[in-house]
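Engineer: Here is a sequence with its predicted model. Questions after.
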Amino acid sequence: MTSYLEKAPLIATCVSYIVLTIVITLLLSFPGYGVVLLPQPFLRVLVLGKTISYEFADVYAIFWVLYVVVTHFTLYYLVMRFARLLKPYIVVSIVIYLLNLVLVLGGLSDENLVRLVKTYTIGYAGALPGIGITVAIEWLGWKLGRRLQRKPPSTT
């Protein structure tokens, strides 16, 4: 009997979320869209002129990585155990984005990020672009994990 955690490609979704969040926020750091589209709790914001990015080489990044791993494992376990959806990454990504938004607005992040999220994410753009990016990140991680989970054909 397989467990629910074996059915979900958890490690791949965690790693892809961490890596793609870093890449997207660094690529969009010049106008500052990265931190507005993907608000992350526990990370400090580095503001240099018009460039706004997260400080990934910081002690708080360790807390962020632990937070990402724990939330992924918990949410995928709950969704796979109780909901049994065909595409659980959609529900998980929406919950992760909204949880990130609540934690950032609740004060578990840099004051600059709280101000930026209140002004641009809540005020102008809304949460839909960020939810879309988060769903795409989780989808890529899910597909990568499914591909890695396939067993190679036995040669006997």
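Structural biologist: Done, it's in.

Engineer: lowest average confidence, helix or strand, in this structure?
Structural biologist: Least confident helix or strand, the chain: helix 4-7 with a mean of 60, by mean pLDDT, DSSP states H and E.

Engineer: Could you tell me the average pLDDT over the next helix-or-strand element following that one, please?
Structural biologist: Using DSSP states H and E, the helix or strand that directly follows helix 4-7 along the chain is helix 10-27. Here helix 10-27 scores 93 as its mean pLDDT.

Engineer: Wasn't Ser53 part of a strand?
Structural biologist: Yes - assigned with DSSP: H, G, I helix; E, B strand; the rest coil, Ser53 falls within a strand.

Engineer: residues contacting it?
Structural biologist: With contact set as CB atoms under 8 Å, 6 or more residues apart in numbering, Ser53 has these partners: Thr25, Leu26, Ser29, Gly34, Val35, Val45, Leu46. For the C-beta atoms, the positions are set from N, CA and C on the backbone; glycine is no exception.

Engineer: List only buried entries from these.
Structural biologist: With neighbours counted by 16 or more other CB atoms under 10 Å, the contacts of Ser53 contain buried members at Thr25, Ser29, Gly34, Val35, Val45, Leu46.

Engineer: tell me the SS of the nearest residue to Tyr60 once chain neighbours are set aside?
Structural biologist: Leaving aside its chain neighbours, Tyr60 sits nearest to Phe42 (5.1 Å; criterion: CB to CB, 6 or more residues apart in numbering). Counting by three-state DSSP, the backbone at Phe42 sits in coil.

Engineer: Where does the prediction get shaky in the chain?
Structural biologist: Per-residue confidence for the chain (pLDDT under 70) gives these ranges: 1-8, 151-156.

Engineer: top helix in it by residue count?
Structural biologist: With DSSP state H setting the assignment, residue counts place helix 128-149 as the longest helix in the chain.
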